[in-house]
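[1] Predicted structure and sequence below. I'll ask about it afterward.
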Protein chains: 2
Amino acid sequence: MRKVLYIICDGLGDLPTKGKTPLSSAQKPNIDSLAKQGQCGLLHTIGRGIVPGSDTAHLALFGYNPYKYYPGRGTFEALGARMKLKAGDVAFRCNFATVDSERKVLDRRAGRLKNAKPLESAINAIKLKGCTLKFASTVEHRGVLVLHGEGLSKEVSDTDPHEIGRRIMRCKPLDKSAEAQRTASLVNEFTRHAVSVLRRHKFNANRSKPANALLLRGAGCYSKVDGIEKRYGIKATCIAGGALYKGVARFVGMHVPYVRGATGRADTDLEAKARAALSALKEREVVVIHIKATDSFSHDGDFEGKQGMIERIDKMIGLLKQEAKDAYFILTGDHSTPVALKAHSHEPVPVLISGPQMRSDSVKTFDEFSCASGSLGHLTGLELFRTMVGLTRKAEKFGS
Amino acid sequence: MRKVLYIICDGLGDLPTKGKTPLSSAQKPNIDSLAKQGQCGLLHTIGRGIVPGSDTAHLALFGYNPYKYYPGRGTFEALGARMKLKAGDVAFRCNFATVDSERKVLDRRAGRLKNAKPLESAINAIKLKGCTLKFASTVEHRGVLVLHGEGLSKEVSDTDPHEIGRRIMRCKPLDKSAEAQRTASLVNEFTRHAVSVLRRHKFNANRSKPANALLLRGAGCYSKVDGIEKRYGIKATCIAGGALYKGVARFVGMHVPYVRGATGRADTDLEAKARAALSALKEREVVVIHIKATDSFSHDGDFEGKQGMIERIDKMIGLLKQEAKDAYFILTGDHSTPVALKAHSHEPVPVLISGPQMRSDSVKTFDEFSCASGSLGHLTGLELFRTMVGLTRKAEKFGS
C-alpha cells in the first residue's frame, strides 16, 4: 500500500500577463523537481469549459460527481462549522449586516464585526412555527443557520441583496413545490424576527454600524452519502483552514482535525499544516492539504501576492518531501482564478503526480504552459481522484 | 472496405524498473515500424483510475460498456467451454479440490489434476429440486457449472475459500431477493451432493489427492445481447487460447474457431494463430488475436519472461505484416499488469493504430513512455473499438 499527499492550492491556475503567470514566475525548486520526476497534465475539475465553484470543484476532486451529489453551499458551511445535520435539514450561510429602518443594507458586514458570538443565543431563541432552528456564529460577521423539520427545501432564493443600498430581499420559492413555499415563508419569518431581536440587543447599543440584521444565502439541503472509505476503500484526512473545505471533506467522510495556525488566509501556518499532514499520513492512505490564499490573492488581483504564496507552498513541499520519501505527491488546484479577472474561470489547472515507479514524462517545470504537454493529458477531477485511489493500490478491481 | 488485425496482449502495460519496462526493453523491430508509420496513444480500457478485470476489459475492447453488459465471469467461462446458455442461466467457474472429512480444503486443485473428464457424468447425474444442471470439465482441474431454471440469480457468494486450510464456504445470497436466496440454497445442496458423489467415485480410489469436492466461484447470469454485427455492422473472428476470451468473444457474437496449438499459455503456437488470423481475415472485417502469456509472466513477476514473450509477438506481427499488407493493425493490451505488483493496475496501456493513409505522428517506438506523446492521446476501450469500426469504413453515419 502506498500513501498519497494530495495538495490543493485554491484558484492556482492563471492566465499570462506579459507572458507570465504567478506560477510560471515563482521560484519553486521543490515543485519543479516533483514535476521532473513525475507526470504532468491539465485538470478540468468538473469538465471542459465549466467554471467551477469552490464547493462543486472540491466535491469532484474528492471523488463525488457534483451534478449528482452537490447539496448546496450552506450544507458544507454548516458541516465546516461542526454543526450536526440530519437528512432534510436546510442550511444557509449568513452575514450579520447593518440595515436602516427600511431594511436597506448600509453595510453587508456590519463594520466587519470582529466577533458575533454574543449574538448567538439571541438568534437561537427565535421560535418558528413547525420547524426548529440552530444558528452558529463562525468567523467575524459570518454564521450558519440550520432549519430542521419536515418538508423543507433548498430551492429558495437568498435574502442577501449582495450589494449595499438595496433592501433585504424577500426569500422566494425557486420551484412550485409546497416545500419551497413553506421554507421561503419560514426564512422570511426568521428574517423579521432576527431584525426585531437584534435591533434591541444590548450588543448593538453603542455601535456606529450595528449588527441589526442577518442576510441569508446559499441554501443547502443535507443528505447523507456513502463516505470515501465505503465507496473507494481508502481512509483520508483533510488539513484545511477554511470552513467550506472542512465541510466538503466531512461530507465525504474524511477526518478533519483541528490544526492550530491553519487559518485559510495568507497568514496561515504552512509548516503546522505540513506537520499535521505528516502525522495523519501514518494512519491514513490519503492526506489532503488545502491552501486557500492563492485564490484570495487572485480575487484581489494581486499577482505578486499569489506568486509569493506559491513560493511559500514550495517550501512546505520541500519539508514534506524530506519526511515522506515513499509517498506519492499530487499537486493541483480546484480551478483557475486569473488575477486579471479576479474571478473563477473555466481554464484548466496544472496537475502533477510524482512518486515511486512513475512513467516520467518530459515536463521539467510546473506551470500552465509546460503541463499542457505532460503525459497525463487532460483529465477531470473525478478521473484524478480515481487515479489517486489506483496509486494507493487499494482500488477494487472491476470484474475478475 | 478495410480489414483490421486487432492484437491484444493481455496485461501488456507495466511500470518502470530502473527506468525500463518489459515492453521498452524488448527488441521489437516490427512493432516499432508499425508505431513509426502509424499513430500511438494511451488506453484507459474502462476509464481513468479503474483497475480492470480481464473480463470487463475485454467487453470494453469489444465495444460493450461493461457497466451495462457485464454478465459475470461464470457466463464467459461457460461460453468459452462451448456450453449453450439460455437467458437467466446461472454459471460458475469450478475447481476440483481435495478436502478432508470436515470439508477443509487441502488442495485447491486436487494435485493439479491432469484430466477430470471421467468425473463429468457423475456430477451431471446430481439432481436438484426445481432446476437442472449441466457440468463440463474443461482444462486440468477446472470446470464450469450451469444452473438452468426459473428464478435464479447471480447475486450469490463463492463456495471457494480461495486459500487452503479453510473449509468450503457456505454460498450466501448477496442481496435480499428470493432468487438469490434460492440460488444460494441450490448451490449448497449441489456442493453437498458433489462431495458425496465424488467421495465414493472409483476415479479417486488410489489418489493421494482425491478430487473429492467442487469449489464454485464467479457466478454469472446470461442474457443475450445484440451482437457486434447488428450493433456495429461488422463481422469479427477471435483467435484465442484462453476460455475466458473465447467466451467474451462469443458473448458479443464473434466467430471463435478452434486453433490447434493456441493454448493461452507461454507454449502457445503464435505462428498457428497468425495463420488462422490471416485465413479468417479473408471472410471478416476484423480479426482479434488474443495473447495471454504476457499477463501470466507479469503475475509471476517475471520481467525477462514478459520481455521474451513480447519479442515472440513481434515475430508474429512480422509474419502478419508480410501477408496482410493492406490491413490496419491495432496493437494494445487489456490493462497493465506491472511485474513489480504481480496484479492488474489502473495505469493505461500503450496502443497503436497503423495502416494505409494514416495521420502519422512523431512516435517511433512502442512503449509506455513514448506513446504518451502520441496523436491518439488518451482513450477508452469503447472509444478504441469505435475508432476501429470507423477504420473498416463500415460505420454507419449518425444523422445525415
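    Noted; the coordinates are in hand.

[2] Enumerate every residue touching the residue in the stretch 201-350 of chain A that chain B sits nearest to.
    In the stretch 201-350 of chain A, the residue that lies nearest chain B is A:Tyr232 (9.7 Å; Cβ to the nearest Cβ). Placement of C-beta: from N, CA and C, glycine included. For A:Tyr232, the contact set (Cβ atoms under 8 Å, 6 or more residues apart in numbering or on different chains) comprises A:Gly63, A:Phe385, A:Val389, A:Lys394, A:Ala395.

[3] Report the residue spans of the stretch 101-250 of chain A with pLDDT below the cut-off.
    Within the stretch 101-250 of chain A, no stretch has pLDDT under 70.

[4] so where do the helices sit in the stretch 101-250 of chain A?
    All helices of the stretch 101-250 of chain A, identified by DSSP state H, counting those that start in this stretch, fall at A:120-124, A:178-199, A:228-232, A:243-251.

[5] The longest one packs against which elements?
    Taking 3 or more Cβ pairs under 8 Å, 6 or more residues apart in numbering or on different chains; DSSP states H and E as the contact definition, the neighbouring helices and strands of helix A:178-199 are strand A:90-99, helix A:120-124, strand A:142-148, strand A:213-221.

[6] Nearest to B:Val259, out of the ones you listed?
    The closest of the helices and strands packed on helix A:178-199 to B:Val259 is strand A:213-221. By Cβ to Cβ, the value is 59.9 Å.

[7] Can you tell me the SS state at the residue nearest to A:Asp326 when sequence neighbours are not counted?
    In space, and not counting its chain neighbours, A:Asp326 is closest to A:Pro356: 6.2 Å by Cβ to Cβ, 6 or more residues apart in numbering or on different chains. Following DSSP: H, G, I helix; E, B strand; the rest coil, the label given to A:Pro356 is coil.

[8] My read is that A:Pro356 contacts A:Arg2, right?
    Yes. Taking contacts as Cβ atoms under 8 Å, A:Pro356 lies within contact range of A:Arg2: 7.3 Å.

[9] Compare these two (neighbour count), which wins?
    Neighbour tally, A:Pro356 and A:Arg2, criterion other Cβ atoms under 10 Å in any protein chain shown: the higher count belongs to A:Arg2, 16 against 13.

[10] Report how many residues lie close to the closest residue to chain B within the stretch 51-200 of chain A.
    Nearest residue of the stretch 51-200 of chain A to chain B (Cβ to the nearest Cβ) works out as A:Gly63 at 9.4 Å. Applying other Cβ under 10 Å, we find 22 residues neighbouring A:Gly63.

[11] And for A:Glu283?
    A count of neighbours around A:Glu283, defined by other Cβ under 10 Å, yields 10.

[12] tell me the contacts of it?
    Taking Cβ under 8 Å, 6+ apart, one finds A:Lys235, A:Thr237 in contact with A:Glu283.

[13] what do you get for A:His290?
    The neighbourhood of A:His290, defined by Cβ under 8 Å, 6+ apart, consists of A:Ile8, A:Asp10, A:His58, A:Cys238, A:Ile239, A:Ala240, A:Gly241, A:Gly242, A:Tyr245.

[14] Got a ChimeraX select line for the buried ones in those?
    Selection of buried members from these for ChimeraX, criterion 16 or more other Cβ atoms under 10 Å in any protein chain shown:
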select /A:8,10,58,238,239,240,241,242,245
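
[15] Save the contacts of A:His290 as JSON lines, and put in distance to A:Thr17 too.
    Converted to JSON lines, the contacts of A:His290 look like this (distance: Cβ to Cβ, whole Å):
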{"residue": "A:Ile8", "distance to A:Thr17": "24"}
{"residue": "A:Asp10", "distance to A:Thr17": "20"}
{"residue": "A:His58", "distance to A:Thr17": "27"}
{"residue": "A:Cys238", "distance to A:Thr17": "32"}
{"residue": "A:Ile239", "distance to A:Thr17": "31"}
{"residue": "A:Ala240", "distance to A:Thr17": "29"}
{"residue": "A:Gly241", "distance to A:Thr17": "28"}
{"residue": "A:Gly242", "distance to A:Thr17": "26"}
{"residue": "A:Tyr245", "distance to A:Thr17": "28"}
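
[16] From A:Thr132, how far off is A:Lys224?
    19 Å (Cβ to Cβ, to the nearest Å).

[17] And chain A, what are its domain boundaries?
    With domains defined by automatic domain parsing, chain A comprises A:4-71+A:225-392, A:77-221.

[18] and the ones you listed, which is most packed in?
    Neighbour counts (mean count of other Cβ atoms under 10 Å in any protein chain shown) averaged over each of these peak at domain A:4-71+A:225-392, with a mean of 21.

[19] re earlier: present the helices and strands packed on helix A:178-199 as a markdown table; the columns should include distance to B:Tyr258.
    A markdown table is the format used below for those (distance: least, Cβ to Cβ, whole Å):
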| stretch | distance to B:Tyr258 |
| --- | --- |
| strand A:90-99 | 65 |
| helix A:120-124 | 78 |
| strand A:142-148 | 68 |
| strand A:213-221 | 60 |
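
[20] Of those, which is nearest A:Glu155?
    strand A:213-221 (7.6 Å).

[21] For that closest one, name the packing helices and strands.
    For strand A:213-221, the packing partners by 3+ Cβ pairs under 8 Å, 6+ apart are helix A:73-80, strand A:90-99, strand A:142-148, helix A:178-199.

[22] A:Leu5 in helix, strand or coil?
    Under three-state DSSP, A:Leu5 comes out as strand.

[23] Strands of chain A, start to end?
    Counting by DSSP state E, the segments of chain A that form strands are A:4-9, A:39-44, A:90-99, A:105-107, A:132-137, A:142-148, A:213-221, A:236-239, A:286-291, A:328-332, A:349-354, A:377-380.

[24] In a markdown table: those strands, plus distance to A:Ser279.
    Below are these laid out as a markdown table (distance: least, Cβ to Cβ, whole Å):
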| stretch | distance to A:Ser279 |
| --- | --- |
| strand A:4-9 | 12 |
| strand A:39-44 | 28 |
| strand A:90-99 | 31 |
| strand A:105-107 | 42 |
| strand A:132-137 | 28 |
| strand A:142-148 | 29 |
| strand A:213-221 | 31 |
| strand A:236-239 | 9 |
| strand A:286-291 | 9 |
| strand A:328-332 | 17 |
| strand A:349-354 | 21 |
| strand A:377-380 | 30 |
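
[25] so which of those strands gets nearest B:Leu42?
    Among those, strand A:377-380 comes nearest to B:Leu42, with 7.7 Å by Cβ to Cβ.

[26] just to revisit the earlier point, any idea of the pLDDT on the residue nearest to A:Asp326?
    The model reports A:Pro356 with a pLDDT of 94.

[27] so how far is A:Arg359 from A:Ile353?
    Note on A:Ile353: its distance to A:Arg359, by Cβ to Cβ, is 10 Å.
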